[in-house]
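Student: sequence first, then the predicted structure:
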Amino acid sequence: MAIDSLILGAGQEVGKSCVVVTINGKRIMFDCGMHMGYLDHRRYPDFSLISKSGDFDNALTCVIITHFHLDHVGALPYFTEVCGYRGPIYMTYPTKALAPLMLEDYRKVMVDRRGEEEQFSSDHIAECMKKVIAVDLKQTVQVDNDLQIRAYYAGHVLGAAMFHAKVGDTEMVYTGDYNMTPDRHLGAAQIDRLRLDLLITESTYATTIRDSKYGREREFLKVVHKCVSGGGKVLIPTFALGRAQELCILLDDYWERMNLKVPIYFSAGLTIQANMYYKMLISWTSQKIKETYSTHNAFDFKNVHDFERSLMDAPGPCVLFATPGMLSGGFSLEVFKHWAPSERNLVTLPGYCVAGTVGHKLMSGKPTKIDLDKDTQIDVRCQIHQLAFSPHTDAKGIMDLVKFLSPKHVILVHGEKPKMVSLKERIHSELGIMCYDPANNDTVSIPSTHYVKAGASDTFIQGCSNPNFKFYRNSAGDSDLNDKNFMQDVQVKDERVIEGVIVKEKSQKAKVVHQDELLVMLGENRHELQFAYCCPVQIIDLKEMKSTYLNSRNSMLCLSENFSWLQVLQWRLSDEIPEGNIQSYGEHLQIESFHVSLCLKDSCPYRVQDNHQNRMKSMFFCCIWSAPDEKLARKILSIMEKLNLSKI
């Protein structure tokens, strides 16, 4: 069986996350996002690749949404209410509560304010949310008889979750967006150690290693304070949920400590609604906020006020949080048009901006003019400050998660192609894990694991318990007999291993039996194919040989009264086959199933004479082996035929 991953979005780009994974016949859509940098057909995933006929109910087992950001949920109302998907949709309780706010805010901006053609209506959003099944963290949800899913805390934003999916013995995790380090209002991602065939992970900051969080906070506060002290206005484009709350906590605390009276504003009622949910969903926030909740709610901001449109051109300094975060439209872009021409003002971009947005253009350099369209051009004289307050994990966090989970395969999504290539090579070279970075509309197929649960017979278990000695030559075998640290010539290892056979009778559980039991079960007798060969080895006189050995080796074996040609052969074979497990049983040597004994028969049926052997003084050794060790036997015989036991 295989796991097929169809990348409908976020393939070698950041935007419209959507991956359809097929696991042993079950088909799951992870995320259903829109691309914030496009207004044409590239805005949504190409759903026709899931089903040409548009029968999405039969094409998909379920849809899973990881969090409420539009690049992960923005296309969902369109997919359900316009394309017609009616199947189950899973997301966490906070995501179900906050996603409609984000979707409705986007709809208002794009349709009511910009006059774009409506992709979905307010009614569509409401009907879509009725189809959603909310889940708790670490709650095992049985989607059907075969598919299980479970959500894990991802950090990133309130309610964000990684999702684990299991079908039979095949397991995978889709991370969505996550953060491996805690911040002021959210904890770090947490997940169990799982046995995974596949991990699909975001890679937004695939090559970035962030410096200290406190250092970044100090730098942010410094540039904001400097701007307002000089009478300037600070625009912080941010999404209403997530970085807005994080930075408001930071600024509110700083304003209190510094006793600043400069107003801090929120741009819209959406953030007020969002803060209400943040107060209600304290259990999903960081440990510090939960611990101080009884005496102080961190989302009750003392210095933050609502912003009225009339204040846009009011004199004096201020700080304004305005949506959306990438300056892709809406109120943040409207304010930017008014404030960008002044050198006293500041635009600080705290997160990632998708290519094609005004935010991305500002981050790519310091342009003096920006063309919004053929009729609109913005003079940019304001200060531009970029700081990584993104809620995404960095390269170290991604590597830490991959190392912790140790999946058999990794697929990278939600990242820029050059950076993904670099991270892919790191994962493969440093962790030894196969890694892929597919483009949009590509499919990646990997093998899945299939386990069979089987019992074991008493005979098999007893066989595993019996000693299974193996003997290995020790490199210290030439030690002097008078050396007190003398080590034995042979190392003994006992590996309790036995070969078994898996059998499964009709309507019965699979069982591992001893190979001898199988013959009884089948009513058959043992048949063993053996091979034999009487091998000649060149020699000299035994006394001379013994004398030579004594002069060249201080060996316990050579001093033995039972010194014989078989022992000499054992020494020479041990030299030639250092990895061999040569065991001596007095009258014969054994290497696996290969038996060697001294041949004393002049008319041995296994002996083949030739003229060369007649001219040489030879000793003959009878060799017997079974078919499975044919390769080993050929190697030993080749060595023996070339041996000259007169050469020590």
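Tutor: Looks like it arrived, so ask away. Numbers count the residues shown, from 1 in each chain.
Student: drop to CA atoms for contacts and neighbour counts, all remaining ones
Tutor: Fine.
Student: which secondary structure element of the protein has the lowest mean pLDDT?
Tutor: When each helix and strand of the chain is scored by mean pLDDT, DSSP states H and E, helix 556-559 comes last, with a mean of 42.
Student: separation between the nearest residue to R607 once chain neighbours are set aside and S597?
Tutor: Spatial nearest neighbour of R607, excluding adjacent residues (C-alpha to C-alpha, 6 or more residues apart in numbering): C534 at 4.6 Å. Distance, C534 to S597, using C-alpha to C-alpha, to the nearest Å: 9 Å.
Student: now S457
Tutor: Counting by C-alpha to C-alpha - S457 and S597 are separated by 36 Å.
Student: so these two - more neighbours on which side?
Tutor: It is S597, of S457 and S597, that has more neighbours when counted by other C-alpha atoms under 10 Å, with 19 against 14.
Student: what helix or strand is that one on?
Tutor: strand 594-598 (DSSP states H and E).
Student: C534 now?
Tutor: Judged by DSSP H and E, C534 forms part of strand 530-538.
Student: which positions in that strand come out as buried?
Tutor: 532-538 (16 or more other C-alpha atoms under 10 Å).
Student: any idea which of those is closest to D57?
Tutor: Nearest to D57 out of the buried residues of strand 530-538 is A532 (C-alpha to C-alpha; 67.0 Å).
Student: contact partners for that closest one?
Tutor: Applying C-alpha atoms under 8 Å, 6 or more residues apart in numbering to A532 gives the contacts 606, 622-625.
Student: tell me which element P418 is part of?
Tutor: helix 417-431.
Student: that helix packs against which elements?
Tutor: helix 395-405, strand 434-436 (3 or more C-alpha pairs under 8 Å, 6 or more residues apart in numbering; DSSP states H and E).
Student: and the angle for it with helix 395-405?
Tutor: Angle, helix 417-431 to helix 395-405, by axes from the mean of the first three to the mean of the last three C-alpha atoms, to 10 degrees: 40 degrees.
Student: show the average pLDDT along helix 417-431.
Tutor: What helix 417-431 shows for mean pLDDT is 96.
Student: please identify the buried residues of that helix?
Tutor: Across helix 417-431, burial judged by 16+ other C-alpha under 10 Å covers 417, 419-421, 423-425, 427.
Student: related to what we said a few turns ago, pull the CA atoms of the strand holding S597 into PDB?
Tutor: Extracted C-alpha coordinates of strand 594-598, given in PDB (Å, rounded to 0.1, in the frame of the first residue of the first chain):
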ATOM      1  CA  PHE A 594      29.100 -25.800   6.900                       C
ATOM      2  CA  HIS A 595      30.900 -28.800   8.500                       C
ATOM      3  CA  VAL A 596      34.600 -29.600   8.100                       C
ATOM      4  CA  SER A 597      36.200 -32.800   9.300                       C
ATOM      5  CA  LEU A 598      39.500 -34.600   8.600                       C
END
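Student: direction included, what does that strand pair against?
Tutor: Strand 594-598 has the following strand partners under DSSP bridges: strand 588-591 (antiparallel), strand 618-626 (antiparallel).
Student: in the helix or strand that comes right after the longest one, what's buried?
Tutor: Just to be clear, that refers to strand 618-626. Moving toward the C-terminus from strand 618-626, the first helix or strand encountered (DSSP H and E) is helix 630-642. Using 16+ other C-alpha under 10 Å as the test for burial, helix 630-642 gives 633, 636-637, 639-640.
Student: next, the angle strand 594-598 makes with helix 630-642.
Tutor: Using the same axes, to 10 degrees: helix 630-642 against strand 594-598 is 30 degrees.
Student: residues in contact with helix 630-642: which ones?
Tutor: 535-537, 573, 576, 594, 625.
Student: one more: stretch 294-309?
Tutor: 245, 248-249, 252, 255, 263-269, 275, 278-279, 289, 320.
Student: among the residues you listed, name the buried ones.
Tutor: Among these, those classed as buried by 16+ other C-alpha under 10 Å are 245, 248-249, 252, 255, 263-268, 275, 278, 289, 320.
Student: out of these, which sit inside strands?
Tutor: 264-266, 320 (DSSP state E).
Student: got those residues as TSV, with pLDDT columns?
Tutor: As requested, those are arranged in TSV below (pLDDT from 0 to 100):
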residue	pLDDT
I264	93
Y265	91
F266	85
L320	94
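Student: show me the domain layout of this structure.
Tutor: Taking automatic domain parsing as the reference, the chain has its domains at 2-209+391-447, 213-386, 468-527, 530-647.
Student: most tightly surrounded among these?
Tutor: Greatest average neighbour count among the domains of the chain goes to domain 2-209+391-447 (a mean of 20), per mean count of other C-alpha atoms under 10 Å.
Student: T238 against P324, yeah?
Tutor: Yes - shown here, T238 and P324 form a contact pair, counting by C-alpha atoms under 8 Å, at 5.7 Å.
Student: rewinding a little: for the contacts of helix 630-642, which one is nearest Y38?
Tutor: Checking the contacts of helix 630-642 against Y38 by C-alpha to C-alpha gives E576 as the nearest, at 69.9 Å.
Student: for G500, see how far away the nearest residue to that closest one once chain neighbours are set aside is.
Tutor: Using C-alpha to C-alpha, 6+ apart and skipping residues adjacent in sequence, the residue nearest E576 is I639, 7.5 Å away. Counting by C-alpha to C-alpha, the gap from I639 to G500 is 33 Å.
Student: OK, contacts around H360?
Tutor: By C-alpha under 8 Å, 6+ apart, the residues touching H360 are 326, 353-354.
Student: switch the cut-off to 6 Å
Tutor: Neighbour list for H360: 353-354 [criterion: C-alpha atoms under 6 Å, 6 or more residues apart in numbering].
Student: confirm it sits in a helix?
Tutor: Yes - counting by DSSP: H, G, I helix; E, B strand; the rest coil, H360 is found in a helix.
Student: isn't A99 up against H67?
Tutor: No - using C-alpha atoms under 6 Å, A99 is not in contact with H67; the gap is 7.8 Å.
Student: packing partners of the helix or strand containing L235?
Tutor: Using DSSP H and E, L235 sits within strand 233-237. Contacts defined by 3 or more C-alpha pairs under 6 Å, 6 or more residues apart in numbering; DSSP states H and E place strand 233-237 against strand 318-322, strand 346-349.
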